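Asks: Got a predicted model here, sequence first, then my questions.
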Amino acid sequence: MKKLNRLLLLVALNISGFSFAQQDAWVYLTDKENVAASIANPISILSQEAIDRKAVHGVTIDARDVPVNEAYITQLKNATGITVWAKSKWFNAVHVRGTEADINALSSLTFVNSITFADKTLNAKTVSQEPTVNKFLVENSSQTTFNYGNANNQIEMFNGHELHLLDYTGEGITVAVIDAGFPNVNTMSGFQRLRDAGNLLGGYDFFDRTDDVYANTSSSHGTLVLSDMAGFVQDQFVGTAPDASYYLFRTENAPNENPIEESLWVEAAERADSLGVDVINTSLGYKTYDNPNYSHSSQDINGDTAYITKGANIAFEKGMLLINSAGNSGGSGLNAPADAAGVLSIGAVQADGTYASFSSQGSAIQPTQKPDVVAQGAASAVINQNDVVTVSNGTSFSSPILAGGIVCLWQALPNLDNGEIMQLVRESASQYTTPDYFLGYGIPDLSMALSEGLSIEEFEPSTITLNIYPNPAQTEVSVEIPSVYESAEVRLYNILGKQVLETTVTNTKSKINIAALAGGIYLLKVDANDLSKTIKLIIN
């Protein structure tokens, strides 16, 4: 009997041991398939009823609505000792069961981002890795989960990586970088991927009047600036718009300072316009010249005096989006053309988001809020002319770092114009309601800007005539309703969805006073019986 009892005990222990040898865990995946295409065509991933419900409640269709990649699930099912029990598109995760060792072995799969055991005592052993395969190395791949390396903080600060995850990496947007020298861009491995993709479109040296924009080595400033948008070093560095196309224009003759550089900049901007460039990034600024008689006074940095500033405003009117470093003069103020209303001027913050003391401050002299917004400019990761990932300081780098993110935003919102994109960026920023001369509107959140941009409903003409003018407006807007309606209710919402105005218009009273409202993008909704229209209204 004692022998039998011992055998039963051993069997029970074995059964118990086998039972607890099987563990449950959630395997989180790196990416999804065809995210951008699915969001653009939501009926392919959602029922019409679901789409309608989201529209009624203002719920944005996003990457969470895209199904889990079935090819990944198949590979998990085929893994040794693994059973797949469930999946979640919201979390992009799969619930699996297996031994601790077999589950941990899944971390070797390139599409596995992390593993969390249901048994929390095992999570100290959980393996989480950066994916080793990424979009930049696989042609026609939708994989956009990157190892940003040293550049991680500077893109995550404004949620630019969230746009990359949605496959918005700058493709289809053309950028002109107007700067000082670009030595070694044509040979460095840090730009090899850019060249191989055919996205380095060429350029021009306006100072030396040569097509060889790489020849002048008096400054490598442009090389560093370009790296923050277009550079790529496997597992060490990823620029903020790696799939955009680039023209490189040299207009700065470092280290000298002469007003000719303002004129060359305007010439380059004109060339950019003629080439169909969408975005110009400039990490240059002008105020003090070698000949002090040429220098601009602080009162001249008023948004409409410096030659380069006036040129920048024209470039904006031509439809290009201009992004410029605010300058590195701290309390001495901005340089031109960062003072231009048509320029999105970028100040600098530390890695923790606090003001960097060298970043040029705005003042009441500028007609619009300056700087507009900020990004990391202190200890910014760059690739230098020697093909080495290093760090550097200056608004020279906060500008291209954020510019690349905005390039991706515009790729995602191609129907918006330059002014609308700029305003979306401002309104997404951390201190939009309380701007100051140090951080401007603050640190943008491009993920928020994308969500808000997608929610803007364009006006669709119909057989019913509804005249709303002027648009953009300043102090008042007229809403003229068709004569078949006696009156209509008008509601105005800001870009965050908050109602800021409600009134009634009639056939004889169509003007609405908007003088008290801040400049920005608004949604104007008109309702009258069977008439319901929503249009985008811009208030300057």
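Replies: Yep, that arrived.

Asks: contacts and neighbour counts: CA atoms only from here.
Replies: Fine.

Asks: hey, C-alpha coordinates of stretch 499-511 in CSV?
Replies: Output of stretch 499-511 as CSV, limited to C-alpha atoms (Å, rounded to 0.1, in the frame of the first residue of the first chain):
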residue,chain,number,x,y,z
GLN,A,499,-18.0,74.6,-30.1
VAL,A,500,-16.9,78.2,-29.9
LEU,A,501,-19.8,80.0,-31.5
GLU,A,502,-23.5,79.4,-32.2
THR,A,503,-25.9,81.8,-34.0
THR,A,504,-28.7,82.1,-36.5
VAL,A,505,-28.5,83.6,-40.0
THR,A,506,-31.4,84.6,-42.2
ASN,A,507,-31.9,85.8,-45.8
THR,A,508,-31.5,89.3,-44.6
LYS,A,509,-28.9,88.8,-41.8
SER,A,510,-25.9,86.8,-43.0
LYS,A,511,-22.8,88.3,-41.4
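
Asks: wait, what's in contact with the residue nearest to Thr210 when sequence neighbours are not counted?
Replies: The spatial neighbour of Thr210 that comes closest, neighbours along the chain excluded (C-alpha to C-alpha, 6 or more residues apart in numbering), is Tyr204 at 6.1 Å. For Tyr204, the contact set (C-alpha atoms under 8 Å, 6 or more residues apart in numbering) comprises 210-213, 248-250.

Asks: Phi and psi next, for Tyr204.
Replies: As for Tyr204, its main-chain torsions (degrees, to the nearest 10) stand at phi -160, psi 140.

Asks: Against Phe182, how distant is it?
Replies: 11 Å (C-alpha to C-alpha, to the nearest Å).

Asks: Common neighbours of these two, please.
Replies: 213, 248, 250.

Asks: May I ask which helix or strand encompasses the first one?
Replies: Right, the one you point to is Val213. According to DSSP states H and E, Val213 maps onto no helix or strand at all.

Asks: Surely it touches Phe182?
Replies: Yes - applying C-alpha atoms under 8 Å, one finds Val213 in contact with Phe182, separated by 6.6 Å.

Asks: what's stretch 272-283 in contact with?
Replies: Outside stretch 272-283, the residues within contact range by C-alpha under 8 Å, 6+ apart are 173-179, 225, 269, 315, 318-325, 395-397, 399-400, 403, 407.

Asks: in the stretch 1-150 of the chain, which spans are strands?
Replies: 22-29, 83-88, 93-99, 112-117 (DSSP state E, counting those that start in this stretch).

Asks: As a markdown table, the ones you listed with mean pLDDT would be great.
Replies: A markdown table is the format used below for these (pLDDT from 0 to 100):
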| stretch | mean pLDDT |
| --- | --- |
| strand 22-29 | 87 |
| strand 83-88 | 79 |
| strand 93-99 | 87 |
| strand 112-117 | 89 |
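
Asks: Please dump these into a markdown table; it should also carry mean neighbour count and distance to Asn123 for every row.
Replies: Formatted as a markdown table, these follow (neighbours: other C-alpha atoms under 10 Å; distance: least, C-alpha to C-alpha, whole Å):
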| stretch | mean neighbour count | distance to Asn123 |
| --- | --- | --- |
| strand 22-29 | 22 | 10 |
| strand 83-88 | 16 | 19 |
| strand 93-99 | 20 | 14 |
| strand 112-117 | 22 | 6 |
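
Asks: In CSV, list those strands along with distance to Ala378.
Replies: Formatted as CSV, these follow (distance: least, C-alpha to C-alpha, whole Å):
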stretch, distance to Ala378
strand 22-29, 33
strand 83-88, 40
strand 93-99, 36
strand 112-117, 30
